[in-house]
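Enquirer: Here is the input, now give the coordinates:
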Amino acid sequence: MSPRFQIPLILFAPLAILGAVYLLGLTIPVPSLGRDYVVRVDLPAENKALRIPLVQGSADDTRPLVVIDAGHGGYDPGASGQGVKEKDLVLGLAQALRDQLLKDGGLRVVLTRDDDSFLALEERFAIARELNADLFISLHADSAGDLDGVSGASIYTLSDAASTDAAARFAQRENGADIVNGVKLSGHSENVNSLLVELSQRQALNDSAEFARLILREGKSMAGQMGDKPTLKFHANPLRSAALVVLRAPDMPSVLFEAGYISNPAEARWLMSAEGRRNFALIMSRAIRVYFARRSAD
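Expert: Numbering: from 1, shown residues only. As a prediction, the model looks like this:
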């Protein structure tokens, strides 16, 4: 067949086949590769009221309030490895820390989620802000993929650059109303409000960094004191900062704690075990109490 006939045939043959299929009412089987992995979820209504969890612990509302946020949840499993899902691992850690804080007494405690439910990132720190929390701790676990031997906890705080960028928007959003760290925003100019928020934000960043250092100190000081296993094993570079959405509440100290690597079999088993959870809770509880003791002494 000459080229002058081949080119029109190549161009129009698929159209002719599709036309015949349509006229005859036939169907063409389409590979379903990838379609079974589509997850459909109902998004929350735009004006959905924020669900405020139960405050547990001291009945004295002047006592410090700690909000513990177990990351992921619901249809969002987070990282996975060794048959473990991050959302389950961090919920167990959050519940263990809550129980330890309640056992020791003297504080108020809230979990952003106490079951396998999904929360948007903004809802997590919005709960803490609504309750005027004194400390916000978001719990996560990391994954190194196929890399072997990667392990250890890390502590993230919000980067200074990210916080400064957010200050003006936060001031504008809060302007009609309200008070940030005891400073009333209404009645001031936009520039003054942004400055007030930035000052509050810088103090929160400093406090967050101090709390992160306390976690590191308490974890290292208690290592080996509870049997043969260390209570907390830290990554070689444990203190980090990043523009993390869940930490963008500029009026309260906030940290994101990566408990370890779920891709590491030994670490995943340890963090899922009752003893691992207990050791995590003891260290974190001690760091929290030292932090508040320092705040009360200021």
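Enquirer: CA only for contacts and neighbour counts going forward, please
Expert: Fine.
Enquirer: now the strands for the protein?
Expert: Here the chain has its strands, by DSSP state E, at 56-57, 65-70, 80-81, 84-85, 108-111, 135-142, 153-158, 179-180, 183-184, 234-242, 254-261.
Enquirer: between those strands, which gets the lowest average pLDDT?
Expert: Note on the strands of the chain: lowest mean pLDDT is at strand 179-180, with a mean of 44.
Enquirer: Show me where the stretch 101-250 of the chain has its helices.
Expert: 121-130, 160-174, 190-222 (DSSP state H, counting those that start in this stretch).
Enquirer: residues making contact with the first one?
Expert: Think helix 121-130. For helix 121-130, the surrounding residues in contact (C-alpha atoms under 8 Å, 6 or more residues apart in numbering) are 50-53, 67, 69, 112, 136, 245-249, 251-252.
Enquirer: Most neighbours among those, please name it.
Expert: Within the contacts of helix 121-130, residue 67 tops the neighbour count with 29 neighbours, counted by other C-alpha atoms under 10 Å.
Enquirer: Settle this for me: that one is touching residue 132, isn't it.
Expert: No: Residue 67 is not in contact with residue 132 according to C-alpha atoms under 8 Å; the separation is 9.7 Å.
Enquirer: circling back: which of the helices of the stretch 101-250 of the chain has the lowest average pLDDT?
Expert: helix 160-174 (a mean of 49).
Enquirer: Make CSV out of the strands of the chain and add distance to residue 122.
Expert: Formatted as CSV, those follow (distance: least, C-alpha to C-alpha, whole Å):
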stretch, distance to residue 122
strand 56-57, 22
strand 65-70, 12
strand 80-81, 23
strand 84-85, 22
strand 108-111, 15
strand 135-142, 12
strand 153-158, 15
strand 179-180, 18
strand 183-184, 23
strand 234-242, 16
strand 254-261, 14
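Enquirer: what's the closest of these to residue 280?
Expert: strand 254-261 (8.6 Å; C-alpha to C-alpha).
Enquirer: What would the closest one look like as CSV? C-alpha coordinates only.
Expert: This file holds the C-alpha atoms of strand 254-261, laid out as CSV (Å, rounded to 0.1, in the frame of the first residue of the first chain):
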residue,chain,number,x,y,z
SER,A,254,4.0,24.4,69.8
VAL,A,255,6.2,21.5,68.8
LEU,A,256,5.9,18.6,66.4
PHE,A,257,7.5,15.4,67.8
GLU,A,258,8.5,12.7,65.3
ALA,A,259,8.7,9.7,67.7
GLY,A,260,10.9,7.6,65.4
TYR,A,261,10.9,5.8,62.1
